[in-house]
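*Asks:* missing the sequence, but the structure's below:
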């Protein structure tokens, strides 16, 4: 049967309507404006602390509150967007630290130091996440970030254990435990005004957490030559 111009997929089918260039430009402008307002909210947090309100965010952005509400349905939606920015900073800081080291103790130390570095450099943003932890959306962002960091750490620890001829089974629980432990200490550290120098705290935590990995290595039945080779790499 001959295909007519009314056939949906025929060669003579009418072309799909093109999207309005003006609509695309407006969508791009709106997204750019939204990012600018999120950046202003971050700056307001740094300036006024975790109890910052929408008036202070609007003033920092140089707009009125009604303008804010054109882009964010309510305060919770804005704070959720801010939490996603802060969480991304945490991942961006920790991921390279995990990927660059090759020794087990250095891996633990680099992860701890990178996390504490975020707390030290931006304590207001960190405290903001703590204050907003009851918000369901923000809680999911924080939990998702923890899982992302732990998953990367588990891969790295697993690789180190396998290189030593050890069972990689402990890698994932160790990784999640390390992330949770350091988060708890980071909460304490920032809440108490960072009473211990970052370098000292990193060393304290590394010494404590390294004992678990080192204990498994020493308890394993490794070939003597592999044990001696590994001991030569220890600090």
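*Replies:* Thanks, I have it. Predicted model only: the values in this text are computed from it and were never measured. Numbering: from 1, shown residues only.

*Asks:* quick one: contacts for residue 140?
*Replies:* Residue 140 makes contact with no residue under the criterion CB atoms under 8 Å, 6 or more residues apart in numbering. Glycine gets a C-beta too; all of them are placed from N, C-alpha and C.

*Asks:* name the helix or strand for it, please.
*Replies:* Taking DSSP states H and E as the definition, residue 140 sits inside helix 136-163.

*Asks:* which positions within that helix qualify as buried?
*Replies:* Of the residues in helix 136-163, 138, 141-142, 145-146, 148-150, 152-158, 160-161 count as buried by neighbour count, 16 or more other CB atoms under 10 Å.

*Asks:* helix or strand right after it?
*Replies:* Toward the C-terminal end, the helix or strand that comes next after helix 136-163 (DSSP H and E) is helix 171-191.

*Asks:* what angle sits between that following helix and helix 136-163?
*Replies:* Using axes from the mean of the first three to the mean of the last three CA atoms, to 10 degrees, the direction of helix 171-191 lies 130 degrees away from that of helix 136-163.

*Asks:* gap between helix 171-191 and the chain center?
*Replies:* Here helix 171-191 shows a centroid-to-chain-centroid distance of 13 Å under the convention CA atoms, centre = their mean, to the nearest Å.

*Asks:* residue 101 - how many residues pack around it?
*Replies:* Number of residues near residue 101 (other CB atoms under 10 Å) recorded here: 17.

*Asks:* quick check: it vs residue 75, distance?
*Replies:* With the distance defined as CB to CB, to the nearest Å, residue 101 ends up 41 Å from residue 75.

*Asks:* what of residue 130?
*Replies:* Here the criterion is CB to CB. By it, residue 130 lies 17 Å from residue 75.

*Asks:* now swap in residue 209 and tell me
*Replies:* When distances are taken as CB to CB, residue 209 and residue 75 turn out to be 38 Å apart.

*Asks:* who has more neighbours out of these two?
*Replies:* For the pair residue 209 and residue 75, the greater number of neighbours falls to residue 209 (20 against 15), based on other CB under 10 Å.

*Asks:* sec struct for the closest residue to that one other than its chain neighbours, please.
*Replies:* Nearest-residue entry for residue 209: residue 108, 5.4 Å, with adjacent residues in sequence omitted and distances by CB to CB, 6 or more residues apart in numbering. What DSSP: H, G, I helix; E, B strand; the rest coil gives for residue 108 is helix.

*Asks:* what pLDDT does residue 108 get?
*Replies:* Reported pLDDT at residue 108 in the predicted model: 87.

*Asks:* could you do residue 207 as well?
*Replies:* According to the prediction, residue 207 has pLDDT 88.

*Asks:* and it, how many neighbours?
*Replies:* Residue 207 sits with 12 neighbouring residues when counted by other CB under 10 Å.

*Asks:* how about the spatially closest residue to residue 34 that is not a sequence neighbour, what does it touch?
*Replies:* In space, and not counting its chain neighbours, residue 34 is closest to residue 71: 5.0 Å by CB to CB, 6+ apart. Residue 71 is in contact with 30, 33-34, 37, counting by CB under 8 Å, 6+ apart.

*Asks:* how much space between the residue nearest to residue 209 and residue 169?
*Replies:* The spacing between residue 108 and residue 169, counted by CB to CB, is 18 Å.

*Asks:* residue 103 too?
*Replies:* 20 Å.

*Asks:* higher neighbour count, these two?
*Replies:* The residue with more neighbours, out of residue 103 and residue 169, is residue 103; 14 against 11, by other CB under 10 Å.
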